[in-house]
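[1] take a look and give me a structure for this.
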Amino acid sequence: MECLYGIASSVSRDLVCGALNQLRYPCCFKNFIKKLEEEERNLIITRDSVQKFVTHVKKQARKPNAIVNKWLEDAINDVHNVNQFLEKARTQKHCCFGHCPNWIWRYHVGKKLANKTMHLEKVIEEGRKYVPFDRIATLPSNTLDMLLEKCMYFESRQSAHEKLLDAVKNNDVSMNLLLEQIVYAHERLLIFKRHEESFKFRVILLFTAFIS
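    Residues are numbered from 1 along each chain as shown. As a prediction, the model looks like this:
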């Protein structure tokens, strides 16, 4: 008897949980719309980043990966389809002469909203893998002015300084290339400082020897 009671209790609990899980589609309908709108914006951002990377690869006379191109095509289609579906979902249907929401319609559309949201999350996660660290750098607008006006100028670093300025002016520069130029300029500065310190040290030794 206790065994049957336990089975009945477990079944009823599962039924209640299942019913509550299904009720969230019509009851939280607007939240599902907002969530899908948010994921659509995230997908557009990811799509644009991948598109910039593909354009950058083509400018370097390289052929983009076929998988990346396929993802980009699917992402463009997903954005279009989701946009159309959201327009349909925002046009909410009513019953009882417009006084009550159409709960059956909300249930079916709400379930589709949830499924599309999960689909976009997977697409975005995959797309972010195709945007490497050396994607096109977007620098602050005042970067060039800061380098021209606020950086100390030494003739020994003229070549590195000019390369760095050319890299900043180039909108297609990759982050890795820019970092290489900065590191090179920094190394040249360290070498200059070491020579300066070595010269000062020799002067001190000569002065000490002279006065003694």
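
[2] okay but Gln22 is in contact with Tyr107, surely?
    Yes - using Cβ atoms under 8 Å, Gln22 is in contact with Tyr107, at 7.3 Å. C-beta here means a position set from N, CA and C on the backbone, and glycine is covered the same way.

[3] neighbour count: these two, which is higher?
    Between Gln22 and Tyr107, counted using other Cβ atoms under 10 Å, Tyr107 has the larger neighbour count: 17 against 13.

[4] and the helix or strand harbouring the more buried one, what does it pack against?
    Assigned by DSSP states H and E, Tyr107 belongs to helix 103-127. Packing partners of helix 103-127 (3 or more Cβ pairs under 8 Å, 6 or more residues apart in numbering; DSSP states H and E): helix 2-27, helix 29-59, helix 66-90.

[5] please repeat the previous calculation with a cut-off of 10 Å.
    helix 2-27, helix 29-59, helix 66-90, strand 94-95 (3 or more Cβ pairs under 10 Å, 6 or more residues apart in numbering; DSSP states H and E).

[6] list the buried ones in the third one?
    If you call a residue buried by 16 or more other Cβ atoms under 10 Å, then helix 66-90 has these buried ones: 68, 71-72, 75, 78-79, 82, 85-86, 89.

[7] same check, this time on the longest one
    Residues 29, 32-33, 35-37, 39-40, 42-44, 46-47, 49-50, 53-54, 56 are the ones in helix 29-59 that count as buried (16+ other Cβ under 10 Å).

[8] check stretch 102-121 too.
    Quick answer for stretch 102-121 (16+ other Cβ under 10 Å): 105-107, 109-110, 112-114, 116-117, 120.

[9] in TSV: these, plus distance to Val131 and pLDDT.
    TSV is the format used below for the buried residues of stretch 102-121 (distance: Cβ to Cβ, whole Å; pLDDT from 0 to 100):
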residue	distance to Val131	pLDDT
Trp105	39	86
Arg106	37	87
Tyr107	37	89
Val109	32	90
Gly110	32	90
Lys112	29	92
Leu113	27	93
Ala114	27	93
Lys116	23	95
Thr117	22	94
Leu120	17	95
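
[10] let me know the closest of those residues to Pro64.
    Leu120 (22.5 Å; Cβ to Cβ).

[11] wouldn't the closest one be in contact with Asn83 here?
    No - the criterion here is Cβ atoms under 10 Å, and Leu120 misses it with Asn83 at 11.7 Å.

[12] between the two, what contacts are shared?
    Shared contacts of Leu120 and Asn83 (Cβ atoms under 10 Å, 6 or more residues apart in numbering): Glu40.

[13] by average pLDDT, which secondary structure element in the chain comes out worst?
    Across the helices and strands of the chain, mean pLDDT, DSSP states H and E gives its lowest value to helix 143-150, namely a mean of 49.

[14] which residues touch the nearest residue to Glu40 once chain neighbours are set aside?
    Distances taken as Cβ to Cβ, 6 or more residues apart in numbering place Val82 nearest to Glu40, at 5.1 Å, with adjacent residues excluded. Val82 makes contact with 36-37, 39-40, 43-44, 113, 116-117, 119-120, according to Cβ under 10 Å, 6+ apart.
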